[in-house]
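[1] Here is the input, now give the coordinates:
(chains A, B, C and D)
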Amino acid sequence: MNKVVNSVEEAIQGIKDNMTLMVGGFGLCGIPENSIKALAKTNIKGLCCISNNAGVDDFGLGLLLKNRQIRKMISSYVGENAEFERQLLNGELEVELIPQGTLAERVRAGGAGIPAFFVPAGYGTEVANGKEFREFDGKMYLMETALHADFSIVKAWKGDTHGNLIYRHTANNFNEVMATAGKITIAEVEELVPAGELDPNCIHTPGIFVQRIFQGKAYEKRIEQRTITHNS
Amino acid sequence: MNKVVNSVEEAIQGIKDNMTLMVGGFGLCGIPENSIKALAKTNIKGLCCISNNAGVDDFGLGLLLKNRQIRKMISSYVGENAEFERQLLNGELEVELIPQGTLAERVRAGGAGIPAFFVPAGYGTEVANGKEFREFDGKMYLMETALHADFSIVKAWKGDTHGNLIYRHTANNFNEVMATAGKITIAEVEELVPAGELDPNCIHTPGIFVQRIFQGKAYEKRIEQRTITHNS
Amino acid sequence: MALDKNQIAKRIAQEIKDGYYVNLGIGIPTLVANYIPSDINVILQSENGMLGIGPFPADDKVDADLINAGKQTITYVDGASFFDSSRSFAMIRGGHVDLTILGAFEVSEQGDIASWKVPGKLVKGMGGAMDLVSSAKNIIVAMQHTNKGQSKILKECTLPLTGVRCVKKIVTDIAVLEVTADGFKLLERAPGVSVEEIINSTEGKLIVEGEIPEMKI
Amino acid sequence: MALDKNQIAKRIAQEIKDGYYVNLGIGIPTLVANYIPSDINVILQSENGMLGIGPFPADDKVDADLINAGKQTITYVDGASFFDSSRSFAMIRGGHVDLTILGAFEVSEQGDIASWKVPGKLVKGMGGAMDLVSSAKNIIVAMQHTNKGQSKILKECTLPLTGVRCVKKIVTDIAVLEVTADGFKLLERAPGVSVEEIINSTEGKLIVEGEIPEMKI
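    Got it, this is the predicted structure:
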């Protein structure tokens, strides 16, 4: 049940033009740095990326945006990226904005074999345009559908050779749920250990969801808002 | 944020006749033994119990059945209980059978604010009777609705004073998901520790879902099918 | 000669491929674990919330917190993981389990399966069977071909259904059948069992093409 | 005199009760954490996946894996827990968070809120705001009462909505308002700000009953 691949290049094999990718991370926290950089070195283009955010100009998905490799972003918030704004205003990039919780639940539904479900988020707003709505117990809900991806690319703290993953702190975010919804899920980890070393009661992503795993290199883990307490 | 109650009697305060309870466990594995025994000592009756199984004659929910405290069971499998069968055949007990995965997902939906969702389980069977069905991507699905409870009673391995819970092995089963769907969730644990002692990356049930917690006593942990390997 | 339960399990084990995640139902399917070749890697899922079922424990290693969906005490292997029931069925419903093996009372030509309820008998419940059959990518049924002389391989099921158009393959005590758009295709026969005997034991449409090999048990 | 941002945050902190789980939005709401009385127990939820936000870290304790929903580096307190985004919003959508505090561009008499999009300006997205406002049991909005002399407390919102009929209370730089079935009820005024000034700054229906006390900051 060994899912280990020898390199990031091997990990991203099979990703092709116009495919849909899910990419884990919240802001720059918990993003699959190695895989994104490797994709930026390829000529793959026309990608549809499902990711909560779109990186910054020179890091994260911003690298793929700069290369014009992304055709469409499906996200909840895409600020903090000047190149993104430029492409959007010029009509070079398509953007679909989805409420963050609905995005997370649509991804979960994709992994969980649930084609559609109802949520209150967005009712009465432009998010509801064209969507089926319905009342349950006196409250209005929108019907939302599952999201799937050709590849999901996630980043974990620790992983084992079977593909079991453990995330650290808020670097989990969209990684755990996206790992469930890719036809092929690629996991890059800071530390790769033999199966049996991780506590089976503490696994966030069971290996069944992961097809390829490798230990990433030289994590930069860039910080967007470095806020500190000044001790007096 | 201290959720600790001093006794099991205090924990079950407020449970009244005809209420709906969710009770964690799969078979006799991971059941809230202390709380069930305490309920069996009360005169509370007419309960609707949502629980995957119904215990055995002299243990688990079987104790409440024997006392005629349960009016209705909502379960996926109710074998292995002679008193249960007797009451069912005599029309003294109402039973609603739900596919196990649909049961788990309906409970999750209750905790997650999702009033309804679609699953394939049961389509084309008597489970579909009276239910809305619908095609997505060429496959048929049933619409299922959320389940809620007045009280959820769960059993965990370790817990802290904030109500954070960790389950052990397959004793998790329905406990984690049911903890999210009770108006009041009672957790009994084998070991109760101060907040801060459990690894925040390994919490199965964040304390926000738990209103009362106590350390249970004298866990019997009865085994239904003791199967062993005979070494030669 | 008709196969016994262990032989049915042994034949089904041949369907399991390296790298498979497999859910084994209660009864004969549970026995399949004993016959998985040691040179392939297979991970067994249990719908009560685990991946990586190991053998039954030694007497002094029995752990009440570690059971399979049949409520038997078990062990876990390296690389195992535990999770709750909603996650477990998300895994099943989402099509992440490669193969599901379960028992049945009846199977129809269309691949419908009846396995949970016999009118007049006490109903114990469907457990996870309806979830499994409605979602699995690949379902193999382990069953007896007949019951008291009556075929259980039918044009239409007579008992309440567990799921519709889901069974792909059936291994019975006398035959291996594939469910096709045209009917049950006979793939193999039990050693010493004639094609005629299988034809006579099958109510549903049976497709017999060419020489039918004996199972290799 | 109109309150500054910290004073608005300070006033809102008075709404937080012992035992509350609270989600603080970006901007003024984040500042509320600084004014929660030390004698009550409150747990802060961050929708990117944690319960138990602590203060900003010391310079040498900054951890890139530990941020809030505003992407600021933070710490965690004893009893904290981390989880993924789907679990985080299950918590929010399921009504488990007692109080949500967020900013807004406009609020209407009906409790509608506009907070994410200004036509003509670049749209960055709604983030988790639509999920929060549609699900929270109790929502308090922190905002400026007017913008360049124009009231933002309106009969109907003019900007694209974030949610409908959800806001319960508003704390602005000049007033505390409750959203009622009959309109905005004036509860308190900023120190030195007259009722007339609030009336003049409010486009929506304002209910003024009896003596309006000054906020205690």
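[2] Name the next helix or strand downstream of the helix or strand bottoming out on mean pLDDT in chain A, please.
    Sorting the helices and strands of chain A by mean pLDDT, DSSP states H and E puts helix A:82-89 at the bottom, at a mean of 86. The helix or strand immediately downstream of helix A:82-89 is strand A:94-97, counting by DSSP states H and E.
[3] Show me which residues of chain C sit near chain A.
    C:19, C:21, C:41-43, C:45, C:50-52, C:76, C:78-83, C:87, C:89-97, C:135 (CB under 8 Å from any CB of the partner chain). Any C-beta I mention is one placed from the backbone N, CA and C, and that applies to glycine too.
[4] So which bits of stretch A:125-139 are buried?
    Buried residues in stretch A:125-139, counted by 16 or more other CB atoms under 10 Å in any protein chain shown: A:125, A:127-128.
[5] out of these, who's nearest chain C?
    For those, the minimum distance to chain C (CB to the nearest CB) is 25.1 Å, reached by A:Val127.
[6] re earlier: will you turn the buried residues of stretch A:125-139 into JSON lines that also has secondary structure, pLDDT and distance to chain D?
    Formatted as JSON lines, those follow (DSSP: H, G, I helix; E, B strand; the rest coil; pLDDT from 0 to 100; distance: CB to the nearest CB, whole Å):
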{"residue": "A:Thr125", "secondary structure": "coil", "pLDDT": "98", "distance to chain D": "5"}
{"residue": "A:Val127", "secondary structure": "helix", "pLDDT": "97", "distance to chain D": "6"}
{"residue": "A:Ala128", "secondary structure": "helix", "pLDDT": "98", "distance to chain D": "10"}
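[7] And the helices in chain C, which stretches?
    Using DSSP state H, the helices assigned to chain C run over residues C:5-13, C:28-32, C:85-93, C:129-135, C:195-201.
[8] Now render those as a markdown table, adding mean neighbour count and distance to chain B.
    Converted to a markdown table, the helices of chain C look like this (neighbours: other CB atoms under 10 Å in any protein chain shown; distance: least, CB to the nearest CB, whole Å):
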| stretch | mean neighbour count | distance to chain B |
| --- | --- | --- |
| helix C:5-13 | 21 | 16 |
| helix C:28-32 | 23 | 10 |
| helix C:85-93 | 26 | 3 |
| helix C:129-135 | 29 | 3 |
| helix C:195-201 | 16 | 26 |
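[9] Next, report how far stretch C:149-168 is displaced from the centre of its chain.
    Computed by CA atoms, centre = their mean, to the nearest Å, the chain-centroid distance of stretch C:149-168 equals 14 Å.
[10] before we move on, the earlier item: in strands only, show me the residues of chain C next to chain A.
    Cross-referencing the residues of chain C next to chain A against strands under DSSP state E gives C:21, C:43, C:45, C:50-52, C:76, C:78-82.
[11] Let me have these in a markdown table, extended by distance to A:Lys37 and neighbour count.
    Below are these laid out as a markdown table (distance: CB to CB, whole Å; neighbours: other CB atoms under 10 Å in any protein chain shown):
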| residue | distance to A:Lys37 | neighbour count |
| --- | --- | --- |
| C:Tyr21 | 31 | 20 |
| C:Ile43 | 32 | 23 |
| C:Gln45 | 35 | 27 |
| C:Met50 | 36 | 27 |
| C:Leu51 | 32 | 29 |
| C:Gly52 | 33 | 27 |
| C:Tyr76 | 37 | 22 |
| C:Asp78 | 32 | 16 |
| C:Gly79 | 29 | 25 |
| C:Ala80 | 33 | 26 |
| C:Ser81 | 30 | 27 |
| C:Phe82 | 35 | 29 |
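[12] which among those residues gets closest to B:Ala38?
    Ranked by distance to B:Ala38 (CB to CB), these are led by C:Phe82 at 27.6 Å.
[13] Would you agree that closest one is in contact with C:Asn48?
    No. Judged on CB atoms under 8 Å, C:Phe82 makes no contact with C:Asn48 at a distance of 9.7 Å.
[14] Between the two, which contacts overlap?
    B:Thr170 (CB atoms under 8 Å, 6 or more residues apart in numbering or on different chains).
[15] related to what we said a few turns ago, on contacts alone, who are the packing partners of the least confident helix or strand of chain A?
    When contacts are defined as 3 or more CB pairs under 8 Å, 6 or more residues apart in numbering or on different chains; DSSP states H and E, helix A:82-89 packs onto helix A:62-66.
[16] got the contact list for whichever helix or strand comes after the helix it packs on?
    Where DSSP H and E defines the elements, the next helix or strand beyond helix A:62-66 is strand A:70-75. Applying CB under 8 Å, 6+ apart, the set of residues contacting strand A:70-75 from outside is A:18, A:45-54, A:61, A:64, A:84, A:93-98, A:103, A:147, D:125.
[17] which residues of chain A fall in helices?
    Taking DSSP H, the helices of chain A run over residues A:8-11, A:33-40, A:62-66, A:82-89, A:100-112, A:174-178.
[18] Keeping just the C-alphas, turn the last one into PDB.
    So the one you mean is helix A:174-178. Output of helix A:174-178 as PDB, limited to C-alpha atoms (Å, rounded to 0.1, in the frame of the first residue of the first chain):
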ATOM      1  CA  PHE A 174      -9.100  23.200   3.400                       C
ATOM      2  CA  ASN A 175      -6.400  20.500   3.100                       C
ATOM      3  CA  GLU A 176      -8.300  17.700   5.000                       C
ATOM      4  CA  VAL A 177     -11.600  18.200   3.100                       C
ATOM      5  CA  MET A 178     -10.000  18.600  -0.300                       C
END
